[in-house]
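Undergrad: I would like to see how this sequence folds:
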Amino acid sequence: LSVCAGAAVALAACGLASPASAPVMIPRAQVSGGYQLLAFRGASPETLAEGWYGEVLSNLTHHLGALFEVGGDIKTVDGPAMGTSTRSSENLSAYEYMAGIRVSARPNPGVTPFGQLLVGGICTSGAAMAGSAGPLFFNGNGQARGDMALQAGGGVNLFITEQAGIRLGGDYFRVFENPR
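TA: Have a look, this model is predicted:
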């Protein structure tokens, strides 16, 4: 019983320390960058675990923002070169460029849950090897290819200070392959 009472007092103190009526200061722009993993599913699944992203968010209102995001992912695959038994290494690469909206809830200054919807493109290249990657990375002539993409996701920003925080999130990334 004393543990429950102590937890109730702690929750009440947190609520008093950051009342809902206090205005939450929202920056006009936010910049973020970090690690990303890109996994393709389908007939030729491929995971590119060496990735990065960067984004700029312009907060238009208390809850709505315009978002621009870029990212890149690479992977080196080893296998027989296309049409031969000779082993070689090829690099797969994917570069995404997306724009859209982010909707954020701002229950207190330290925690910001969000959802986002982005549309844009992805440029892929590499993998001229037998049995690897698939049509998304190899279009028959070894050149890079571009496709439309849609990304929907969400997460939470946990602010350590007013200026810096940690983001935890996940996205569903859909590529609309152009017929070649």
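Undergrad: alpha carbons only for contacts and neighbour counts from here, please
TA: Noted.
Undergrad: Return the set of residues that bridge with residue 75.
TA: residue 92 (DSSP bridges).
Undergrad: Hmm, residue 125 and it touching each other?
TA: No. Counting by CA atoms under 8 Å, residue 75 stays clear of residue 125, with 10.8 Å between them.
Undergrad: ok, the two, which is more surrounded?
TA: Between residue 75 and residue 125, counted using other CA atoms under 10 Å, residue 125 has the larger neighbour count: 21 against 17.
Undergrad: now the more buried one: how far from residue 107?
TA: According to CA to CA, to the nearest Å, residue 125 and residue 107 sit 43 Å apart.
Undergrad: Same question for residue 95.
TA: 34 Å.
Undergrad: Same drill for the two, tell me which one is more crowded.
TA: Taking neighbours as other CA under 10 Å, residue 95 and residue 107 compare with residue 95 leading, 18 against 13.
Undergrad: what's the distance between that one and residue 145?
TA: 11 Å.
Undergrad: tell me, what's touching those two both at once?
TA: 123, 124 (CA atoms under 8 Å, 6 or more residues apart in numbering).
Undergrad: could you measure the closest residue to residue 113 other than its chain neighbours against residue 124, distance?
TA: Spatial nearest neighbour of residue 113, chain neighbours left out: residue 156 (4.1 Å); criterion: CA to CA, 6 or more residues apart in numbering. In this view, residue 156 and residue 124 are 29 Å apart by CA to CA.
Undergrad: More neighbours: which of these two?
TA: Between residue 156 and residue 124, residue 124 has the larger neighbour count (other CA under 10 Å), namely 23 against 17.
Undergrad: Touching, that one and residue 145? I think so.
TA: Yes. Taking CA under 8 Å as the definition, residue 124 is a contact partner of residue 145 at 5.5 Å.
Undergrad: Okay, helices next: where are they in the chain?
TA: Taking DSSP state H, the helices of the chain run over residues 2-17.
Undergrad: pLDDT below threshold where in it?
TA: Across the chain, residues meeting the criterion (pLDDT under 70) sit at 1-24, 43-44, 79-89, 127-142, 179-180.
Undergrad: Please enumerate the strands of it.
TA: Assigned by DSSP state E, the strands in the chain fall at 29-40, 46-59, 64-80, 87-104, 111-125, 145-159, 165-176.
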